[in-house]
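Participant: Structure for this input, please:
(one chain, ligands or ions: 2)
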Amino acid sequence: MTGIAVERLTKRFGVVDAVVDASFTAESGRVTGFLGPNGAGKSTTLRMLLGLIRPDAGTARFGGVPYVDLPFPTGTVGAVLDIASAHPATTARAHLRTYCALGGHPVQRVGEVIDSVELDRFADRRVGAYSTGMRQRLALATALLGDPEVLVLDEPSNGLDPSGIVWLRTFLREFAASGGTVLISSHALSELQNTIDDVVLIDRGHIAWTGELSELVATGNTLEEAFLSLTDRAGVK
Ligand SMILES: Nc1ncnc2c1ncn2[C@@H]1O[C@H](COP(=O)(O)OP(=O)(O)OP(=O)(O)O)[C@@H](O)[C@H]1O
Ligand SMILES: [Mg+2]
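Facilitator: Ligands and ions are numbered 1, 2, ... in the order given. Next up, the predicted model:
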């Protein structure tokens, strides 16, 4: 199966070191949380993974292949970086049909992904009238059209209500249990505590820690407490 390997990725914007020498992996069959505070460099890293930003140095590979060199990218990697992509006057079903055709996927995937993200009741409504949670589900459905082995999700639980968060957790756990690879970012560290197997902590552009969640919280610490002690931020507001 297809894992993710990031090696020594670096990106500077002017004087801002957004990401510095970042290396980590995300394994298939597991959900990896990419966690860090606002401005830590999560989105920049994920955008470099997907070839949307050119790194100053380093590589990111899916099953050994950079995203831009994948023969059938949407069939390998499903990504949700930004949920504001559907036109407000269109319906979810029409949006998905367009992206299905663009990606060259069989048209029955539209109905399948609507079922997968439980958007059936809303699929024929205009996207402009959607709640944030419905938009998140539509974005995820779009990413799933190519039946990818890997999911890269930037803060997908933003705007989800508690039942939406439970739904997302169940969905991602099942995706990983069937052999998929999930890399999911969040600035709300504890929100993913029951969702993830592995943790990549990033702080001020630097990877502060990688490993299994169980190691990090073995001492009974919350993820927030573990983050503070690992990043020398204890006592700093
Ligand atoms: N296009 C850009 N131009 C200039 N600076 C940028 C750009 N994109 C990001 N940055 C800077 O790079 C740093 C990392 O930003 P990034 O968006 O990757 O953080 P993040 O971890 O995703 O934060 P958040 O939790 O708020 O989404 C920040 O200092 C940000 O201001
Ligand atoms: Mg971000």
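Participant: Quick one: the helices in the chain, in order.
Facilitator: Remark: helices assigned in the chain by DSSP state H are 42-49, 73-76, 92-103, 108-116, 132-144, 162-177, 213-216, 223-230.
Participant: Stretch 208-222: which residues count as buried?
Facilitator: By 16 or more other C-beta atoms under 10 Å, the buried positions in stretch 208-222 come out as A208, W209, T210, L213, L216, V217. In this view, the C-beta of every residue, glycine as well, is placed from N, C-alpha and C.
Participant: Please identify the nearest residue in space to the fourth one, excluding sequence neighbours.
Facilitator: This means L213. V199 (5.2 Å; C-beta to C-beta, 6 or more residues apart in numbering).
Participant: Could I get the contacting residues of that neighbour?
Facilitator: T32, G33, L35, W209, T210, G211, E212, L213, L216, L223 (C-beta atoms under 8 Å, 6 or more residues apart in numbering).
Participant: Could you do F227 as well?
Facilitator: L35, G36, L189, L201, D203, A208, R233.
Participant: and the first one, how many residues sit next to it?
Facilitator: It stands for L35. 31 (other C-beta atoms under 10 Å).
Participant: residues contacting it?
Facilitator: K42, S185, S186, H187, L189, L192, V199, V200, L201, I202, L223, F227.
Participant: with the residues you listed in mind, which one is nearest to ligand 2?
Facilitator: K42 (4.9 Å; C-beta to the ion).
Participant: I'd say the closest one and D154 touch.
Facilitator: Yes - here K42 reaches D154: they are 6.9 Å apart, a contact under C-beta atoms under 8 Å.
Participant: Pull up the overlap in contacts between those two.
Facilitator: S185.
Participant: From V113, how far off is the nearest residue to A101 once chain neighbours are set aside?
Facilitator: What sits nearest to A101 in space, not counting adjacent residues and going by C-beta to C-beta, 6+ apart, is V107, at 7.7 Å. According to C-beta to C-beta, to the nearest Å, V107 and V113 sit 11 Å apart.
Participant: Looking at these two, which is more packed in?
Facilitator: Between V107 and V113, counting by other C-beta under 10 Å, V113 is the more crowded of the two (27 against 10).
Participant: wait, what's in contact with the more buried one?
Facilitator: Contacts of V113 (C-beta under 8 Å, 6+ apart): L96, A141, T142, L144, L145.
Participant: For the closest residue to it other than its chain neighbours, which residues are in contact?
Facilitator: Distance criterion C-beta to C-beta, 6+ apart; nearest residue to V113, sequence neighbours excluded, is A141 at 4.2 Å. Residues counted as contacts of A141 (C-beta under 8 Å, 6+ apart) are A92, L96, V113, I114, S116, V117, L119.
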